[in-house]
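Visitor: Mind looking at a prediction? Sequence and model below.
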Amino acid sequence: MKVYRLDPIGTFDGLKLGDEEDRRPGPKEVAIRIRATSLNYRDLKVATGAYERSVIKPRPIPVSDGVGEVVETGQGVTRVKVGDRVAAIFVQRWLAGRVDPAYASSALGGPSDGVLAERIVLSEEGVVSIPAHLTFEEAATLPCAAVTAWHALFARGKLTAGETVLTLGTGGVSLFAAQFAHMAGARVIVTSGSEEKIARLKSMGITDVVNYRATPDWERAVMDLTGGQGADHVVELGGAGTFRKSLLALRVGGRLYAIGNLAGEAQINPQMILAKRANVHGIQVGSREMFEAMNRAISQAQLKPVIDRQFEFGDARAAYDYLASRTHFGKIVVRGA
């Protein structure tokens, strides 16, 4: 089978395509022919060595998000059958309930081998069926970005119609958060530094958009848009460099979901959190149970993910380069071999 491995880790040059023998599924395992994968910012950090190296296995198969069809099952498999269209869950052992730190070693694309391969073998417990109306390419965008947004707004935030959601930027998590919030009947505000991306947001029906380059004090613009109240939910994707402004844009008693780590360094005064009576939640992907609940909602709403660009399997390095450029709008997909 065709398979990518990171060898060595440190630059994108370590992303090497090779041939390996197929592994047969053991008891309770399934073999999946990968039809599409999608990239996340974490994949860049793993490849360049910016991710904590002590948790990354030697020569890992990269990328966490992949979908395909079951082509072989091991003894005792009951959850899926040959021919089923499935997605791999990000943390293979996190099935439901609270996350256990011990589950971290089962995260795909680093601690465990990922999905950037022609064929993979996983536990039957580590896959979910994908929505019937989605193509493989569309479904490949779900395991990390979509589940993260769902975890924040619904599993943790209990978002309801009429509330206001502020989300930062136009990457995968942000756009899924915007789509899910709109689906739930919430008001959506999005920040972006690109007029071209703002036009695309408006074409999606998102009219409340703040250009953070033209309006550096974008938190004040959010307060103005909400009549001085602030957003009920803030999907904070910038990290330390935007955290303070996100807190200032939050409604008193609102929920802030700390997800990203893209912008700068800053010191946070705990008094700001107290003054806002803020509920601050650290969000990292989600469980299989959350993934399945999200898929039911996506199916009911017939929601379609936003894909910026698709690359052929042999052009995975170009996909990495494109993600690193940070010019994308939505998700970047690599088709199967």
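Guide: Thanks, I have it.
Visitor: which stretches of the stretch 201-337 of the chain form helices?
Guide: 218-225, 240-248, 270-276, 288-301, 316-325 (DSSP state H, counting those that start in this stretch).
Visitor: Kindly report the same for the stretch 1-150 of the chain.
Guide: Using DSSP H, counting those that start in this stretch, helices in the stretch 1-150 of the chain cover 41-48, 136-139, 147-150.
Visitor: could those helices be laid out in a markdown table, adding mean neighbour count and mean pLDDT?
Guide: For the C-beta atoms, the positions are set from N, CA and C on the backbone; glycine is no exception. Converted to a markdown table, the helices of the stretch 1-150 of the chain look like this (neighbours: other CB atoms under 10 Å; pLDDT from 0 to 100):
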| stretch | mean neighbour count | mean pLDDT |
| --- | --- | --- |
| helix 41-48 | 21 | 96 |
| helix 136-139 | 23 | 98 |
| helix 147-150 | 28 | 98 |
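Visitor: could I get those as JSON lines with distance to residue 247?
Guide: Supplementary listing: the helices of the stretch 1-150 of the chain in JSON lines, determined by distance: least, CB to CB, whole Å:
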{"stretch": "helix 41-48", "distance to residue 247": "22"}
{"stretch": "helix 136-139", "distance to residue 247": "34"}
{"stretch": "helix 147-150", "distance to residue 247": "20"}
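Visitor: Quick check: which of those is nearest to residue 317?
Guide: Closest to residue 317 of the helices of the stretch 1-150 of the chain, according to CB to CB: helix 41-48, at 9.7 Å.
Visitor: quick check: angle from the closest one to helix 316-325?
Guide: Note on geometry: by axes from the mean of the first three to the mean of the last three CA atoms, to 10 degrees, helix 41-48 and helix 316-325 are set 110 degrees apart in direction.
Visitor: Run through who's touching helix 41-48.
Guide: For helix 41-48, the external contacting residues (CB atoms under 8 Å, 6 or more residues apart in numbering) are 6, 9-12, 14-15, 50-51, 56, 60, 62-64, 109-110, 144, 171, 260, 262, 320, 323-324.
Visitor: nearest to residue 177, of the helices of the stretch 1-150 of the chain?
Guide: Here helix 147-150 is closest among the helices of the stretch 1-150 of the chain (CB to CB), at 4.1 Å.
Visitor: Can you show me the CA trace of the next helix or strand after the closest one as PDB?
Guide: Using DSSP states H and E, the helix or strand that follows helix 147-150 in sequence is strand 164-168. Provided in PDB are the C-alpha atoms of strand 164-168 (Å, rounded to 0.1, in the frame of the first residue of the first chain):
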ATOM      1  CA  THR A 164     -24.900  35.200  19.900                       C
ATOM      2  CA  VAL A 165     -21.800  33.300  18.900                       C
ATOM      3  CA  LEU A 166     -18.500  35.100  18.100                       C
ATOM      4  CA  THR A 167     -15.900  33.000  16.300                       C
ATOM      5  CA  LEU A 168     -12.500  34.100  15.200                       C
END
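Visitor: and strand 164-168, which strands flank it?
Guide: strand 187-192 (parallel), strand 231-236 (parallel) (DSSP bridges).
Visitor: Find out how far the first one is from the centre of the chain, if you would.
Guide: Spelled out, that is strand 187-192. 18 Å (CA atoms, centre = their mean, to the nearest Å).
Visitor: List the buried residues of that strand.
Guide: 187-192 (16 or more other CB atoms under 10 Å).
Visitor: Any chance of CSV for those, columns pLDDT and distance to residue 27?
Guide: As requested, the buried residues of strand 187-192 are arranged in CSV below (pLDDT from 0 to 100; distance: CB to CB, whole Å):
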residue, pLDDT, distance to residue 27
187, 98, 50
188, 98, 46
189, 98, 50
190, 98, 47
191, 98, 49
192, 97, 49
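Visitor: OK, contacts around residue 206?
Guide: Counting by CB under 8 Å, 6+ apart, residue 206 has contacts 178, 182, 188, 190.
Visitor: now, the most widely separated pair of the residues you listed?
Guide: 182 and 190 (10.6 Å).
Visitor: Residue 89: what's it in contact with?
Guide: 126-128, 143, 287-288, 291.
Visitor: Find me the pLDDT at it, would you?
Guide: Looking at residue 89, its pLDDT reads 98.
Visitor: ok, and the closest non-adjacent residue to it?
Guide: residue 288 (4.9 Å; CB to CB, 6 or more residues apart in numbering).
Visitor: Excluding chain neighbours, what is closest to the spatially most central residue of the chain?
Guide: The structure's the chain has its C-alpha centroid closest to residue 145; by CA atoms, centre = their mean the separation is 1.5 Å. Leaving aside its chain neighbours, residue 145 sits nearest to residue 172 (3.2 Å; criterion: CB to CB, 6+ apart).
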